[in-house]
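Colleague: need a 3D model of the sequence below.
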Amino acid sequence: MLTLINTNRMTPAIGPIGLEYVAEAAALAGIEVDILDLALCDDPEKSLREHLSHRRPTLIGLSFRNVDDCFWPSAQWFVPDLAELVRRIRGLSEAPIVLGGVGFSVFARPIVEYTGADFGIHGDGEQATIALVRQLQNGRQFEQVPGLIWRAAGAVRSNPPAWPAEIDLPARRETFDNRTYFARGGQCGFETKRGCNRRCLYCADPLSKGPVSRSRRPDQIADEIEALLAQGIDVLHTCDAEFNVPRSHALAVCAEMIRRALGDRVRWYAYLAVTPFDGELAAALRRAGCVGINFTGDSASAAMLGTYRQLHRQEDLVTAVRLCRRNGLKVMIDLLLGGPGETPRTVAETIDFIKRIAPDCAGASLGIRVYPGTGMVKALTREGPLDGNPGLRRKYTGPIDLFQPTFYLSPALGPEPARLIKDLVAGDPRFFEPMVEQPDAAATDHNYNDNTELVDAIRAGARGAYWDILRQLRCGSS
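Modeller: Numbers count the residues shown, from 1 in each chain. This next block holds a predicted model:
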């Protein structure tokens, strides 16, 4: 028996899509699968104790979606909670424990070492988990399990990440209670591809999902959407990196959805890069049922776009907003303020430009989570030792430890960078501003973790991308 446990209790509730793919793949392989979803338990401790008291699994798998909340004002680190959960399970079961998930894969080896888990899977979990169960049942040749991290002779060993070129995910989505997730989370996710070949300065996606784009078959994606529709779930969001990279795959997915007339039955949202984006793709998205796009804009300053290694420029942002308007798509531009070289002038240039091109809303995130293995670390170490860098912010003591939430904020923004941005936004309701560290400021930020306003709106019947729900609450428009 394979027992899979969803450990993510962030609200609004996010369906554990990766763990569900693993569960469905294992069941198709003939493995008995047993589920415990702590996100939907009123008393997780009691549920865990009761669930494991009468089961003897071959393997217990824990999904770990978020290492931290990636939000500078709070900088919540979730790894200690995972370690405590591993400790509690050890007291309830003798089964080995394997960790996995997108958050886990960013820090795979350090998390295994910190938590004391027996195994971890870096990368895609579906076939790797099946292979691990088989090896535990017969052979224990762990070198043959893709992406596996394991303990042997007092040391931690690791195989290359599990990033298979062909992604074959089950279309059936019946293992988890997606209806309840839809009611509590306002949307459900689906995945069209994994990996990214772009090299944005700060991004950890290539570390967790691989440095090349690996696409699913469009017919398989459409089958999955139909399976969710059969459960009454008609508002979805892509869970992969930018949907339009590559553009050819995005068009192929839209074509299959259009062929099946899914656009008449489902509303969905997507993350997109600003380029490539043209009239053909915008029209295809709308016909396929897409209603809103969140663009990775980062900045409107040429200097900062160069620093972030973005491929688009100001005129591309103009085009993206115009094409969304023309095709009836709601549009958000996510900004990332405070990177290396950011100044009050570049921030003002960005905010003024975004106001002029008038997207439906814009996220003004402040501070960059610094991940080891990204270009951000290389850029900062060129300036000198990390421990002496005046732009690094953290809430822990001792030497700089990028395993823990560590953020960069350009010192040139002064002692109150959030206040600077708030003043530049000047009350424009389209902007989700960074939190100014005072009690009355939390309502203006768009940190989705434990956002009471968002949870209440979903409970009252709101459905859609979280930015779109908050936009409607703030601006009063549909």
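Colleague: check contacts around Asp401.
Modeller: For Asp401, the contact set (Cβ atoms under 8 Å, 6 or more residues apart in numbering) is empty. Where you see a C-beta, it was placed from the backbone N, CA and C, and this is true even at glycine.
Colleague: please identify the helix or strand for it.
Modeller: Of the helices and strands defined by DSSP states H and E, none includes Asp401.
Colleague: then the one 3 residues further on?
Modeller: Element membership of Gln404 [criterion: DSSP H and E] is none; it lies in no helix or strand.
Colleague: I'd guessed it sits against Gln76; true?
Modeller: No: using Cβ atoms under 8 Å, Gln404 makes no contact with Gln76, being 10.7 Å away.
Colleague: mutual contacts of those two, please.
Modeller: Contact criterion Cβ under 8 Å, 6+ apart; residues shared by Gln404 and Gln76: Asp68.
Colleague: what ranges does the stretch 1-150 of the chain have for its helices?
Modeller: 17-28, 44-53, 79-90, 102-106, 108-115, 126-137 (DSSP state H, counting those that start in this stretch).
Colleague: if you could redo that for the stretch 151-300 of the chain, that was the one I meant.
Modeller: Under DSSP H, counting those that start in this stretch, the stretch 151-300 of the chain gives helices at 178-185, 205-209, 218-229, 247-259, 279-287.
Colleague: so Trp467 touches Tyr271, yeah?
Modeller: No: Trp467 is not in contact with Tyr271 according to Cβ under 8 Å; the separation is 10.7 Å.
Colleague: list residues touching both of these two?
Modeller: Contacts common to Trp467 and Tyr271, judged by Cβ under 8 Å, 6+ apart, are Asn294.
Colleague: which of the helices of the stretch 151-300 of the chain is buried the deepest?
Modeller: helix 205-209 (a mean of 21; mean count of other Cβ atoms under 10 Å).
Colleague: any idea of the mean pLDDT in that one?
Modeller: For helix 205-209, the mean pLDDT works out to 94.
Colleague: what's near enough to touch the closest residue to Leu229 other than its chain neighbours?
Modeller: Residue nearest to Leu229 in three dimensions, not counting chain neighbours: Arg265, with 5.8 Å by Cβ to Cβ, 6 or more residues apart in numbering. Counting by Cβ under 8 Å, 6+ apart, Arg265 touches 229, 234, 289.
Colleague: how near is Arg265 to Val235?
Modeller: 11 Å (Cβ to Cβ, to the nearest Å).
Colleague: next one: Arg259
Modeller: Arg259 is 21 Å from Val235, by Cβ to Cβ.
Colleague: just Leu281 next, same as before
Modeller: 21 Å.
Colleague: next: Val318.
Modeller: Separation of Val318 from Val235 (Cβ to Cβ): 29 Å.
Colleague: tell me the domain boundaries of this structure?
Modeller: 2-158, 178-367+409-475 (automatic domain parsing).
Colleague: can you give me the end-to-end span of the first one?
Modeller: Its first and final residues considered, domain 2-158 spans 22 Å by Cα to Cα, to the nearest Å.
Colleague: for the record, mean pLDDT for it?
Modeller: Across domain 2-158, the average pLDDT comes to 95.
Colleague: chain center to it, what's the gap?
Modeller: Distance of domain 2-158 from the chain centroid (Cα atoms, centre = their mean, to the nearest Å) equals 17 Å.
Colleague: how many neighbouring residues does Gly367 have?
Modeller: 24 (other Cβ atoms under 10 Å).
Colleague: relative to Ala302, how far out is it?
Modeller: Distance from Gly367 to Ala302, by Cβ to Cβ: 22 Å.
Colleague: so who does the closest residue in space to Thr3 that isn't next to it in sequence touch?
Modeller: Nearest non-adjacent residue to Thr3, counting by Cβ to Cβ, 6+ apart: Pro57, 4.0 Å away. By Cβ under 8 Å, 6+ apart, the residues touching Pro57 are 1-3, 34, 93, 95.
Colleague: drop anything exposed from those residues.
Modeller: By neighbour count, with 16 or more other Cβ atoms under 10 Å, the contacts of Pro57 hold 2-3, 93, 95 as buried.
Colleague: could you export the residues you listed as JSON lines, including distance to Tyr21?
Modeller: Converted to JSON lines, the buried ones among the contacts of Pro57 look like this (distance: Cβ to Cβ, whole Å):
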{"residue": "Leu2", "distance to Tyr21": "13"}
{"residue": "Thr3", "distance to Tyr21": "16"}
{"residue": "Ser93", "distance to Tyr21": "24"}
{"residue": "Ala95", "distance to Tyr21": "22"}
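Colleague: pick out the most distant pair among those.
Modeller: Pairwise distances across those peak at 12.7 Å for Leu2 and Ser93 (criterion: Cβ to Cβ).
Colleague: where do the strands of the stretch 201-350 of the chain begin and end?
Modeller: For the stretch 201-350 of the chain, the strands defined by DSSP state E, counting those that start in this stretch occupy 214-215, 235-238, 267-273, 290-298, 330-337.
Colleague: any chance of those strands in a markdown table, with mean pLDDT and distance to Leu311 too?
Modeller: Output for the strands of the stretch 201-350 of the chain, formatted as a markdown table (pLDDT from 0 to 100; distance: least, Cβ to Cβ, whole Å):
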| stretch | mean pLDDT | distance to Leu311 |
| --- | --- | --- |
| strand 214-215 | 95 | 20 |
| strand 235-238 | 98 | 20 |
| strand 267-273 | 98 | 7 |
| strand 290-298 | 98 | 10 |
| strand 330-337 | 98 | 15 |
